[in-house]
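**Student:** here is my input, please return the structure:
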Amino acid sequence: MPLSRFHALRAYLNQVVLGQPVLTENLLIALIANGHLLVEGPPGLAKTRAVKALCDGVEGDFHRIQFTPDLLPADLTGTDIYRAQTGTFEFEAGPIFHNLILADEINRAPAKVQSALLEAMAEGQVTVGKNSYKLPPLFLVMATQNPLENEGTYPLPEAQLDRFLMHLNLDYPSAETEFEILRQSRREALSHELPQMDPIAQKDVFAARDEAMEIYLAEPLEKYLVEIVMATRQPQRYSDELAKWLDYGVSPRATISLERCARARAWLNERDFVSPEDIQAVAPNVLRHRLLLSYQAQAEGVSPDRVISHILNLVAVP
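**Tutor:** I've put the predicted structure just below:
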């Protein structure tokens with residue numbers, strides 16, 4: 001059964017990446033729910049290390065792309081190369097043709113590069129000239145943003161943000177975890193190697209996705225899930241404060257993402273049904289990047305997380 005293999009993978013990730021259980025759990029949820037992840041946090045929080053560890057634990061190849069202002073779409077997708085021997089053009093695949101992609105500091109790349117990545121994330125393909133090329137069936141993008149710097153950055157458009165299954169906010173580890181990180185760093189420097197595990201076959205990843213989609217979701221919970229989404233679109237029905245904070249609600253893609261993430265979480269926790277706690281646990285990560293707050297909310301310092309918490313308190317649990 002794939003489940004025991006995923007439990008081993010979660011233990012492996014938590015062994016390699018200390019103090020970031022939220023990141024490791026949601027990497028697995030994104031993998032099972034077949035979606036992409038946007039991670040925001042200060043430098044040095046093991047974001048790259050986490051994706052590399054995931055790649056070590058899953059059969060597939062990994063590539064890190066450093067996004068910079070001078071990056072071109074062809075640097076991402078590849079381009080047609082002229083072969084003088086044959087007198088024809090031949091497509092040379094770019095780094096996007098890997099199973100796991102780390103798009104580091106995605107908001108430093110210009111709009112054309114972000115557009116090329118958007119097609120890859122949304123359609124599972126890239127287009128070069130008149131031809132489109134399919135990406136691997138197992139394809140996951142984890143993009144990072146640095147919240148401490150805004151100079152030389154290009155904010156991601158709402159359409160591209162909506163393509164991310166989840167948006168995680170990471171913070172610094174505790175003092176106790178920092179001690180463990182120091183000790184782990186010394187051990188790795190002396191041994192010159194990282195912990196290893198037998199990678200999960202791609203067919204087991206696809207089997208896990210199928211099993212998660214078969215998890216039972218009761219009709220009252222389906223209505224509860226939809227009510228949470230509708231509260232972002234029709235906030236005046238729920239409270240005057242919520243109506244004051246929101247300009248636009250989330251898209252139908254958010255509804256689908258909320259359901260798939262709740263199913264994946266239930267599956268990882270060895271349950272054959274989705275509970276209200278599953279929906280509530282994944283809601284902040286699924287909704288925070290899709291909400292458009294009003295100017296008044298921003299002026300008052302109201303965060304998307306506060307809005308989501310308020311919605312979860314307003315919508316009745318079945």
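
**Student:** under the pLDDT cut-off, which ranges of the chain? List them.
**Tutor:** 1, 148-152 (pLDDT under 70).

**Student:** repeat that with 80
**Tutor:** Scanning the chain with the threshold set as pLDDT under 80 gives 1-2, 146-155, 157, 159, 191-195.

**Student:** care to break it down by domain?
**Tutor:** Listed by automatic domain parsing, the domain ranges of the chain are 2-182, 215-314.

**Student:** for residue 209, find the nearest of those domains.
**Tutor:** With CB to CB, the closest approach to residue 209 among the domains of the chain belongs to domain 2-182: 5.7 Å. Yep, even glycine has a C-beta here, placed from its N, CA and C like the rest.

**Student:** what's the distance between that closest one and the middle of its chain?
**Tutor:** 8 Å (CA atoms, centre = their mean, to the nearest Å).

**Student:** also stretch 221-234?
**Tutor:** Stretch 221-234 has its C-alpha centroid displaced from the chain centroid by 22 Å (CA atoms, centre = their mean).

**Student:** report the buried residues of it.
**Tutor:** 221, 224, 225, 227, 228, 229, 230, 231, 232 (16 or more other CB atoms under 10 Å).

**Student:** in JSON lines, list those along with distance to residue 113.
**Tutor:** Formatted as JSON lines, these follow (distance: CB to CB, whole Å):
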{"residue": "221", "distance to residue 113": "40"}
{"residue": "224", "distance to residue 113": "39"}
{"residue": "225", "distance to residue 113": "34"}
{"residue": "227", "distance to residue 113": "38"}
{"residue": "228", "distance to residue 113": "34"}
{"residue": "229", "distance to residue 113": "31"}
{"residue": "230", "distance to residue 113": "35"}
{"residue": "231", "distance to residue 113": "35"}
{"residue": "232", "distance to residue 113": "30"}
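
**Student:** if we can go back for a sec, turn the domains of the chain into TSV, columns for distance to residue 190.
**Tutor:** Output for the domains of the chain, formatted as TSV (distance: least, CB to CB, whole Å):
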stretch	distance to residue 190
domain 2-182	13
domain 215-314	34
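
**Student:** looking at the buried residues of stretch 221-234, spot the one nearest residue 34.
**Tutor:** Among those, residue 225 lies closest to residue 34 (CB to CB), at 18.2 Å.

**Student:** what sits against the closest one?
**Tutor:** Neighbouring residues of residue 225 by CB atoms under 8 Å, 6 or more residues apart in numbering: 255, 258, 259, 262, 279.

**Student:** for the third one, which non-adjacent residue is closest in space?
**Tutor:** Pointing back at residue 259 there. With CB to CB, 6 or more residues apart in numbering as the criterion, residue 259 has its nearest non-adjacent residue at 6.1 Å, and that residue is residue 225.
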